[in-house]
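Asker: Make a model of this:
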Amino acid sequence: QVQLEESGGGLVQAGGSLRLSCAASGRTFSVYGMGWFRQAPGKDREFLARVTWRGGATVYADSVKGRFAISRDNAKNTVYLQMNSLKPEDTAVYYCAARLSVDPNSWNYWGQGTQVTVSS
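Answerer: Below is the predicted model of the structure:
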């Protein structure tokens, strides 16, 4: 089992920045990659970014490319999402996830989520 705990959400004005953290614990040696998703009220969960645990290869959704950056600290078993130039439409619950395989569509573990609210 892998446990994930997000932190860093909050209220920010449009144009501002936030950095989300996701601390992993448990059988972290089995993790192949980590990712960030979000879900706004009334909408489906949306993929934002992912990173491989060892090589650090990253992939971003077009909607956040250039504004968000994912990174990881292997020593701390933590993945981050730096969010810049935030917009009201970025308001959502943000989740981190972990996957055990190379399949980027197969996510095995999820955090509880952290709320991000961007005011106009």
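
Asker: what number of residues lie near the closest residue to Trp53 other than its chain neighbours?
Answerer: What sits nearest to Trp53 in space, not counting adjacent residues and going by C-beta to C-beta, 6 or more residues apart in numbering, is Val31, at 5.1 Å. Where you see a C-beta, it was placed from the backbone N, CA and C, and this is true even at glycine. For Val31, the neighbour count with other C-beta atoms under 10 Å is 22.

Asker: which residues of the chain fall in strands?
Answerer: Secondary structure of the chain (DSSP state E): strands at 2-7, 10-13, 18-26, 33-39, 46-52, 58-60, 68-73, 78-83, 92-99, 109-110, 114-119.

Asker: so can I have JSON lines of those showing mean neighbour count and mean pLDDT?
Answerer: Shown next, in JSON lines, are the strands of the chain (neighbours: other C-beta atoms under 10 Å; pLDDT from 0 to 100):
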{"stretch": "strand 2-7", "mean neighbour count": "18", "mean pLDDT": "97"}
{"stretch": "strand 10-13", "mean neighbour count": "13", "mean pLDDT": "98"}
{"stretch": "strand 18-26", "mean neighbour count": "18", "mean pLDDT": "97"}
{"stretch": "strand 33-39", "mean neighbour count": "23", "mean pLDDT": "98"}
{"stretch": "strand 46-52", "mean neighbour count": "19", "mean pLDDT": "97"}
{"stretch": "strand 58-60", "mean neighbour count": "16", "mean pLDDT": "97"}
{"stretch": "strand 68-73", "mean neighbour count": "18", "mean pLDDT": "96"}
{"stretch": "strand 78-83", "mean neighbour count": "22", "mean pLDDT": "98"}
{"stretch": "strand 92-99", "mean neighbour count": "23", "mean pLDDT": "98"}
{"stretch": "strand 109-110", "mean neighbour count": "18", "mean pLDDT": "98"}
{"stretch": "strand 114-119", "mean neighbour count": "17", "mean pLDDT": "98"}
